[in-house]
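>>> Structure for this input, please:
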Amino acid sequence: MDRRNFIGKSAVAAGAFTIIPNHVMGNQPNNTIAPSDKINLGFIGVGKQSMGLMRSLTNCPETMVLAACDVDKKKLDRFKSAAEKANAGKLNGGSQMVDTYENYRELLERKDIDAVVIVAPDHWHAMMVVDAAKAGKDIYCEKPMALTVAEGRAMVNATRKYDRVFQTGNMQRSWRNFRHACEMVSNGYIGQVREINVSVGDPVMACELPAVPVPESLNWDLWVGPSLFRNYNPELAPPIENNGWANWRNYRDFGGGMITDWGAHMFDIGQWAMGMDQSGPIELIPPEKRAKRGMQMKYDNGVVMTHKDWGDFNAVQFLGSEGKIEVSRSFYRSDIVGLTEFELKESDTPLYRSDNHYQDWVDSIKKRTRPVSDVETGHRTASLCNIVNIGYTLERPLKWKPAHERFIDDDDANSMLTRPFRGEWDFNDF
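Down below sits the predicted model:
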C-alpha cells in the first residue's frame, strides 16, 4: 500500500469513531452490551503470544475480533479459526467472521475496527503504532514497547497527537502482589530504599545465524520490514509446527535480549515503586568488560537499581533500611512479618489499581482515560531497558538526562538512541 495514500486516508479516519457510553444511550439489560459500547478489534501479528492475548481480550464482554494480519499464512489461518470460535462463544452460537490480511495497513483502513492489538516483533512496533494512531485506532501494544528510545518517543507523540488510548502489555501492573509490593515500598513500609536488584537474563547480542530456505507460508521480506535485511533463520521466526517461542528477541535489530524482554516486566516494577514513570536513571555504571550482569542504574533520589542474579530468577528485590521485599510471578515475601498482607492506611498513597489488564484497557477506551500502563509509562520502561543495552555495548560509564532523553557528552551513545530504517519504512511522518 502506498504510504502517501495511507496517510491521507488515515487523517480522515482518525476522527471517524467515537464510543458513546452506555448511560448516554439509555440503560441496557444486564446481559447485553449496548451497540455503542462494543469494541471491534483487529490483531496485528498472530504468533504464539497472540493466542493468549486473544483469549484474554475476548473474555471482556464488550469486544469482538473482526480482523487479523500476519506475514505467515499458516499462523494467520490458526488465529482466524481460534478467534472465530471465541466470537461464536460470545454470540451464543452465532458467527462473526475474522478477515485476514498480509499488510497491516489494509487492516487499519477498516473503519469498523475501533482498536488494534499489536503483537508483532519489537522492530515493527513504532511503525505500526504511529500508523494505527493516525488511523484513529486505540492501541494495545506488547512489551517491550519500543526497540529504540527515539521510536518510543515517536509512539508517545503520535498517541497524544491523535488522542488515542494506549495500553502497554506490562500486565504485572495489574497483578495484586506486584502492585502491593510497590505500594509498600513507595509508602515507606521497608524504610528508606537505597538498593533494588533485578534478576533477568542477558543483554542483546549480534545476529550471526546461518541462512536457511524461507518457508512457503512466510513473506520474509515483509517480516524484516523496517530493519536492515538479513536472511531467514527459524530461530527468528519459527514455523508453526515448532510451537516454541521465537528468539528474534535475543538479537540486535529485532529485539533487545532479555534486558528488554523480561526487563520490560521487572525493571518496570522498580520504576513503578520509585515513582519514575515519567523519568529514569541519571547514570549508568557498567560492570567489568564483557560481563552480562552487573549494570548499575543510579537515580537522582539516591536509589541504585542493579541488574544482577541475587538468588531468584525473573524477580525483583527491594532493600530498605527497615526490611526487604522480594517479588516475582511465583512468590511475594518480606522479612517483615505480615507485610505482604498489610492493608494501606487512609493516609497512604495507593497506586493505580487494575485487577484485569485487558478489561482496564477496554474500560479506558470507553471512558477515554489513560490505563495502568499508558504509552508514556511503557516508553519510560522501554527506554530504561534500551539504554542499559547501550551501556553493556559501550562498556563505559554514561550520564543520562531523563527529561531530554539524551546522554551527556557522548555522541556514540546518542547515535544508538535510534537506528536506520530500510526502504520505504519511516515512522516520522505524522
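
>>> for the helix or strand encompassing Val388, the distance to its chain's centre please.
In this assignment (DSSP states H and E), Val388 forms part of helix 375-394. A distance of 12 Å separates the centroid of the chain from that of helix 375-394, by CA atoms, centre = their mean, to the nearest Å.

>>> CA atoms of that helix as CSV?
C-alpha atoms of helix 375-394 as CSV (Å, rounded to 0.1, in the frame of the first residue of the first chain):
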residue,chain,number,x,y,z
VAL,A,375,2.1,4.9,26.5
GLU,A,376,4.4,7.2,28.4
THR,A,377,4.9,4.6,31.1
GLY,A,378,5.6,1.9,28.6
HIS,A,379,8.1,4.2,26.9
ARG,A,380,10.0,5.1,30.0
THR,A,381,10.4,1.4,30.9
ALA,A,382,11.5,0.5,27.4
SER,A,383,13.9,3.5,27.4
LEU,A,384,15.5,2.3,30.6
CYS,A,385,16.0,-1.2,29.1
ASN,A,386,17.3,0.2,25.8
ILE,A,387,19.9,2.5,27.5
VAL,A,388,21.0,-0.5,29.7
ASN,A,389,21.8,-2.4,26.5
ILE,A,390,23.7,0.6,25.2
GLY,A,391,25.7,0.6,28.4
TYR,A,392,26.6,-3.1,28.1
THR,A,393,27.6,-2.5,24.4
LEU,A,394,29.9,0.5,25.0
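
>>> Now do that helix: which elements does it pack against?
When contacts are defined as 3 or more CB pairs under 8 Å, 6 or more residues apart in numbering; DSSP states H and E, helix 375-394 sits against helix 149-161, strand 166-168, helix 257-261, helix 263-274, strand 283-285, strand 398-401, helix 411-415. To be clear about C-beta, it is placed using only N, CA and C from the backbone, and glycine gets the same treatment.

>>> Run through the neighbouring helices and strands of the second one.
Read it as strand 166-168. Counting by 3+ CB pairs under 8 Å, 6+ apart, strand 166-168 packs on strand 138-141, helix 357-367, helix 375-394.

>>> re the thing from before, the helix holding Val388 vs helix 149-161, what angle?
Counting by axes from the mean of the first three to the mean of the last three CA atoms, to 10 degrees, helix 375-394 lies at 170 degrees to helix 149-161.

>>> distance of the closest residue to Met128 other than its chain neighbours from Gln49?
Computed as CB to CB, 6 or more residues apart in numbering, the closest residue to Met128 that is not its neighbour in sequence is Ile118, at 5.1 Å. Distance, Ile118 to Gln49, by CB to CB, to the nearest Å: 11 Å.

>>> ok, these two, which is more surrounded?
Neighbours per residue, other CB atoms under 10 Å: of Ile118 and Gln49, the larger number sits with Ile118, 24 against 16.

>>> Any idea what that one is bridged to?
In this entry, Ile118 is beta-bridged to Ile44, Cys141, by DSSP bridges.

>>> give the contact list for it.
By CB atoms under 8 Å, 6 or more residues apart in numbering, Ile118 lies in contact with Ile44, Gly45, Trp124, His125, Met128, Val129, Ala132, Ile139, Tyr140, Cys141, Glu142.

>>> The second one contacts Asp122, doesn't it?
Meaning Gly45. No - between Gly45 and Asp122 there is no contact under CB atoms under 8 Å: 10.6 Å.

>>> Give me the pLDDT for Cys401.
Rather than Cys, residue 401 is Lys. pLDDT for Lys401: 98.

>>> What sits closest to it if chain neighbours are left out?
Spatially, and ignoring its direct neighbours in sequence, Lys401 is nearest to Ile408 (6.1 Å; CB to CB, 6+ apart).

>>> Find the centremost residue of this structure, please.
In the chain, the centroid-proximal residue (CA atoms, centre = their mean) is Lys143; its distance is 2.2 Å.

>>> dump the residue contacts of the residue lying closest to it once chain neighbours are set aside.
Leaving aside its sequence neighbours, Lys143 sits nearest to Ala264 (CB to CB, 6+ apart; 4.1 Å). By CB under 8 Å, 6+ apart, Ala264 lies in contact with Lys143, Pro144, Met145, Asn170, Thr381, Ala382, Cys385.
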